[in-house]
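K.L.:
Output the structure for:
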Amino acid sequence: MTASYKSPLHQMVNTTKTDLWNDSCSVEELTYSISHGAVGATSNPTIVFNVIKQEMHLWKDRIHEVIDRNPDWTEVEITWKIFEEIGAKGASLLLPVFKREEGRKGRLSVQTNPANYRNAPALVEQAVHFNGLAPNIQVKIPVTKAGIQAIEEVTYQGANINATVCFTVPQAVAVAEAVERGLKRREAEGKSTADMYPVCTIMVGRTDDWIKVIAKRDGIITDPYIMDWAGIACMKKAYGIFQERKYRTRLLSAAYRHHMHWSELIGGDLIQTIPYKWQVLFNASDIEVKERMDNPVAPEILEGLLTHFEDFKKAYDENGLSLKEFDTYGATVRTLRGFTNSYHELQAVIRDFMLPNPDEKKA
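P.N.:
As a prediction, this is how the structure comes out:
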């Protein structure tokens with residue numbers, strides 16, 4: 001790293017096509033990330049729950065205010081109001097980037113209710129609502145069967161999407177095709193697509209996680225090192241397809257577990273949404289910042305993954321999963337369960353404000 005760059009991540013965004021996003025809408029974490037070159041951020045129920053826990057001092061008065069001003073609202077309504085406001089606050093921090101980049105960058109992703117993963121109309125309705133929260137919102141929709149339908153419709157209606165709960169090449173390709181259909185519908189009606197910058201996430205670390213779960217569950221013995229390449233292999237494969245077909249959707253990597261989830265993807269015309277703790281570690285590391293996106297995964301690693309893991313075949317092969325199978329793929333199920341649990345934990349936090357436990361002394 002040369003003296004002209006304040007950190008490795010700052011060097012990456014200034015010397016390659018790869019963009020940095022902050023994998024949180026936390027005010028404190030996003031402020032740090034922007035100072036190192038971040039041009040976007042993301043949120044989901046797990047992230048928002050953690051933001052509330054970490055930054056309760058910033059939100060407790062507002063939670064009380066929303067409760068007091070809306071005496072007829074349920075805890076569900078209060079929860080989503082706070083969820084939206086946390087997202088909007090993150091979006092406001094990115095607004096200068098959004099204006100500077102004329103809408104190409106500077107967006108905050110807000111996730112739709114994970115419980116609606118089977119309900120396309122509900123996903124569309126909430127996505128369109130979220131799109132109106134701020135001018136620089138990117139709406140997250142899960143890559144399930146219903147989610148693909150919603151992604152096309154929401155794109156047609158003019159909202160920028162960030163496809164999430166996605167781990168595989170077939171899911172990513174299905175997203176890109178759905179976006180193209182939505183964009184072409186707009187264009188056929190003379191509607192502008194000039195401000196459309198759709199994104200598709202591949203949660204590379206969660207792809208690795210699922211392969212490791214299978215190995216433990218099924219007693220598969222192989223070189224453990226190869227399992228750290230599953231998500232990277234899927235991302236590189238999908239990236240090649242996207243570049244060849246000139247999809248207008250941009251890929252985004254998420255769910256970091258080790259430095260290769262960052263370093264092996266440097267140089268790609270894509271987004272890396274990195275959790276704050278990993279940003280700090282990467283910025284303090286001596287990992288060389290150089291383009292590696294076009295470096296293929298070693299043949300022996302691919303062979304090991306393809307030989308030992310049927311679910312990696314499904315993830316790596318463009319036709320490995322049917323649309324219906326998106327909903328039952330192991331990584332999808334595990335992630336939806338986690339996001340739904342976090343949503344209910346967030347709701348429980350609001351419940352404690354509305355119905356404080358009378359058995360406990362007030363702080």
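K.L.:
Below-threshold pLDDT in the chain: ranges please.
P.N.:
Within the chain, the segments meeting pLDDT under 70 span 1-3, 362-363.
K.L.:
What ranges does it have for its strands?
P.N.:
19-22, 40-42, 107-111, 137-142, 161-164, 199-203, 250-254, 271-274 (DSSP state E).
K.L.:
Can you say which of those is nearest to residue 218?
P.N.:
strand 199-203 (21.7 Å; Cβ to Cβ). For every residue, glycine as well, the C-beta is placed using N, CA and C.
K.L.:
Make sure residue 276 is actually in contact with residue 32.
P.N.:
Yes - Residue 276 is in contact with residue 32 according to Cβ atoms under 8 Å; the separation is 6.6 Å.
K.L.:
Give me the common contacts of these two.
P.N.:
residue 22 (Cβ atoms under 8 Å, 6 or more residues apart in numbering).
K.L.:
residues in contact with residue 281?
P.N.:
Neighbouring residues of residue 281 by Cβ under 8 Å, 6+ apart: residue 259.
K.L.:
err, residue 104, not the other one
P.N.:
By Cβ under 8 Å, 6+ apart, the residues touching residue 104 are residue 197.
K.L.:
do that again at 6 Å, thanks
P.N.:
Contacts for residue 104 (Cβ atoms under 6 Å, 6 or more residues apart in numbering) come out as none.
K.L.:
mind listing the helices in the stretch 201-350 of the chain by residue range?
P.N.:
204-218, 230-245, 260-263, 276-283, 299-308, 310-316, 330-354 (DSSP state H, counting those that start in this stretch).
K.L.:
Distance of residue 138 relative to residue 30?
P.N.:
Applying Cβ to Cβ, to the nearest Å, the value for residue 138 to residue 30 is 14 Å.
K.L.:
I meant residue 80, not that one.
P.N.:
Taking Cβ to Cβ, one finds residue 80 at 21 Å from residue 30.
K.L.:
Between the two, which is the more surrounded one?
P.N.:
Shown here are residue 80 and residue 30; by other Cβ atoms under 10 Å, residue 30 has more neighbours (24 against 19).
K.L.:
what about the residue nearest to that one when sequence neighbours are not counted, how many residues close to it?
P.N.:
For residue 30, ignoring the flanking residues on the chain, the nearest one in space by Cβ to Cβ, 6 or more residues apart in numbering is residue 22 at 4.9 Å. Residue crowding around residue 22 was assessed by other Cβ under 10 Å; the count is 29.
K.L.:
Same question for residue 185.
P.N.:
For residue 185, using other Cβ under 10 Å, the count is 15.
K.L.:
Over to the one 4 residues further on?
P.N.:
The tally of other residues near residue 189 (other Cβ under 10 Å) stands at 8.
K.L.:
repeat for residue 212
P.N.:
A count of nearby residues for residue 212, using other Cβ under 10 Å, gives 17.
K.L.:
same check, this time on the one 5 residues further on
P.N.:
Counted by other Cβ under 10 Å, the residues lying close to residue 217 total 9.
K.L.:
how far away is it from residue 87?
P.N.:
Using Cβ to Cβ, residue 217 is found at 36 Å from residue 87.
K.L.:
Also residue 355?
P.N.:
25 Å.
K.L.:
and the two? which has more neighbours close in?
P.N.:
residue 87 (26 against 9).
K.L.:
Let me see the contact set for that one.
P.N.:
Here residue 87 is in contact with 25, 43, 108, 110 (Cβ under 6 Å, 6+ apart).
K.L.:
roughly how far apart are the nearest residue to the third one once chain neighbours are set aside and residue 212?
P.N.:
Spatially, and ignoring its direct neighbours in sequence, residue 108 is nearest to residue 91 (3.9 Å; Cβ to Cβ, 6+ apart). The gap separating residue 91 from residue 212 is 35 Å, by Cβ to Cβ.
K.L.:
picking that back up, now distance to residue 121 too, for the helices of the stretch 201-350 of the chain, in CSV please.
P.N.:
Shown next, in CSV, are the helices of the stretch 201-350 of the chain (distance: least, Cβ to Cβ, whole Å):
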stretch, distance to residue 121
helix 204-218, 27
helix 230-245, 28
helix 260-263, 35
helix 276-283, 35
helix 299-308, 38
helix 310-316, 29
helix 330-354, 18
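K.L.:
Identify whichever of the ones you listed lies nearest to residue 153.
P.N.:
Proximity to residue 153 (Cβ to Cβ) singles out helix 330-354 among these, at 20.4 Å.
K.L.:
So what touches that closest one?
P.N.:
With contacts defined as Cβ under 6 Å, 6+ apart, helix 330-354 is touched by 44-46, 49, 52, 63, 67, 75, 78-79, 114-115, 117, 165, 167, 206, 210.
K.L.:
8 Å instead, please
P.N.:
Residues contacting helix 330-354 (Cβ under 8 Å, 6+ apart): 44-46, 48-49, 52-53, 60, 63-64, 67, 75-76, 78-79, 82-83, 111, 113-115, 117, 142-144, 165, 167-168, 203, 206-207, 209-210, 213-214, 311, 326-327.
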